[in-house]
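Novice: Mind folding the following:
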Amino acid sequence: MKRAFILQLAAAGLLWALAANAGAQTAPAPTQLTGTLAKVRETGTIAIGHRESSIPFSYLSARGEPIGYSVDLCKLLVDAISEEVGRTVAVRWVPVTSESRIPAVVSGQVDLECGSTTNNLERQKQVSFSPTMFVSGTKLLVKKGSAIKSFRDLAGRRVVVTAGTTNEKTMRELSAKFKIDMILSVAADHAASFAQLQAGQVDAFATDDVLLYGLLAQNKAQADYVVTGDFLSYDPYGIMYRKGDTQLAQLVNDTFHNLAEDREIERRYSRWFLRKLPSGVSLDLPMSAQLETIIQTMVARTE
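Specialist: Okay, here's the model as predicted:
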């Protein structure tokens, strides 16, 4: 009897051991990092593309350091990436322009582009975007007292746009559609475009309204210029990264959800659009109803 009991215990132990071993063999392996996350894990570095004059999204401080709303959100993404890959991640800042930013992402020169980049269907063929972090649209900047009140007043007028922007495409399409023979010139970046207007080389500067307000605030020029006309385009901004990077896409979407849920996006917005900029001037630009709705949608996402 005693021997039979011992044999039963031994058999039970063997079965348990076999089951445990089978369980160990069938347990899912840890997720293998791929794409950007694998690259960051291996190198301990992430390359971030930034702008030099996209105020208040991504521009240079008096000390020459990248600052702004988009830069803040990218730093929070880097924190999430660091946690995901299990190591401290150093940031390598790479300046980009409107014209060079998409090629920089596609080629791998930068891993995240943190500026004032419109997410549209054409660009989605080349790159991917984070959830929308701002909504803007094309308007005109002119000197106070100008006879230009809308795009219909641009016939025979000189208009500058920044190279590689959706605004350039918008103005060319409006010119063709409404047969307005405006004289369009292209500058390298927003600061250069604004400089042409200041110098009297052009009659209007066409770009996203928030960037115009930012340039006026940074240059303390609100008394001399006015943003005018109806919105000529719809421009939802996002942070760019490489297309087809599914792990990074999931992390970016999850991070934006968390930032929206704990209202961190709203706090960062207040920092750059409602409080004083480092220059001492405030944009005093409350969050739009569109962006409020977008953030609410991020919070209420379904799994």
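Novice: Tell me where the stretch 151-300 of the chain has helices.
Specialist: Per DSSP state H, counting those that start in this stretch, the stretch 151-300 of the chain carries helices over the ranges 166-177, 190-198, 209-218, 246-261, 264-273, 289-299.
Novice: can you pull out the strands in the stretch 101-250 of the chain?
Specialist: Along the stretch 101-250 of the chain, the stretches classed as strands by DSSP state E, counting those that start in this stretch are 112-118, 127-129, 134-136, 138-143, 158-162, 183-187, 204-208, 225-228, 235-242.
Novice: and of the ones you listed, who's closest to residue 75?
Specialist: Proximity to residue 75, assessed across the strands of the stretch 101-250 of the chain by Cβ to Cβ, is greatest for strand 112-118 (8.6 Å). From N, CA and C alone the C-beta is placed, and that goes for glycine too.
Novice: And that closest one, what does it pack against?
Specialist: Helices and strands touching strand 112-118, by 3 or more Cβ pairs under 8 Å, 6 or more residues apart in numbering; DSSP states H and E, are strand 45-50, strand 58-60, helix 69-85, helix 101-107, strand 134-136, strand 235-242.
Novice: can you list the ones you listed in a markdown table and add mean pLDDT and mean neighbour count?
Specialist: Converted to a markdown table, the helices and strands packed on strand 112-118 look like this (pLDDT from 0 to 100; neighbours: other Cβ atoms under 10 Å):
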| stretch | mean pLDDT | mean neighbour count |
| --- | --- | --- |
| strand 45-50 | 98 | 22 |
| strand 58-60 | 97 | 24 |
| helix 69-85 | 98 | 20 |
| helix 101-107 | 98 | 18 |
| strand 134-136 | 96 | 24 |
| strand 235-242 | 98 | 23 |
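Novice: Residue 258 is nearest to which of these?
Specialist: Using Cβ to Cβ, the nearest of these to residue 258 is helix 69-85, at 8.0 Å.
Novice: Quick one: name whatever helix or strand follows the closest one.
Specialist: With elements assigned by DSSP states H and E, the helix or strand that comes after helix 69-85 is strand 90-95.
Novice: which residues touch that next one?
Specialist: Strand 90-95 is contacted from outside by 44-52, 66, 75, 78, 104, 109-110, using Cβ atoms under 8 Å, 6 or more residues apart in numbering.
Novice: Quick check: the nearest residue to residue 235 once chain neighbours are set aside vs residue 236, distance?
Specialist: Closest residue to residue 235 apart from its sequence neighbours, by Cβ to Cβ, 6 or more residues apart in numbering: residue 118 at 4.2 Å. Note on residue 118: its distance to residue 236, by Cβ to Cβ, to the nearest Å, is 7 Å.
Novice: So what's the residue count around residue 150?
Specialist: Counted with other Cβ atoms under 10 Å, the neighbours of residue 150 add up to 12.
Novice: what residue ranges in this structure score low on pLDDT?
Specialist: 1-30, 301-303 (pLDDT under 70).
Novice: repeat that for 90
Specialist: 1-31, 279, 281, 300-303 (pLDDT under 90).
Novice: can you pull the contacts of the spatially most central residue of it?
Specialist: Here the mean C-alpha position of the chain is nearest to the C-alpha of residue 239 (Cα atoms, centre = their mean), at a distance of 2.6 Å. Shown in contact with residue 239 (Cβ under 8 Å, 6+ apart): 70, 73, 74, 77, 112, 113, 114, 117, 129, 130, 133, 252.
Novice: Identify the residues contacting the closest residue to it other than its chain neighbours.
Specialist: Closest residue to residue 239 apart from its sequence neighbours, by Cβ to Cβ, 6+ apart: residue 130 at 4.1 Å. By Cβ under 8 Å, 6+ apart, the contact list for residue 130 reads 73, 77, 238, 239, 240, 241, 252, 253, 256.
Novice: Okay, and the beta partners of the third one?
Specialist: Think residue 238. residue 117 (DSSP bridges).
Novice: unless I'm mixing things up, it is touching residue 135, no?
Specialist: No - in this structure residue 238 lies outside contact range of residue 135 using Cβ atoms under 8 Å: 10.6 Å.
Novice: quick revisit: closest to residue 36 out of the helices and strands packed on strand 112-118?
Specialist: With Cβ to Cβ, the closest approach to residue 36 among these belongs to strand 235-242: 6.6 Å.
Novice: what angle sits between the closest one and strand 45-50?
Specialist: On the basis of axes from the mean of the first three to the mean of the last three Cα atoms, to 10 degrees, strand 235-242 is oriented at 150 degrees to strand 45-50.
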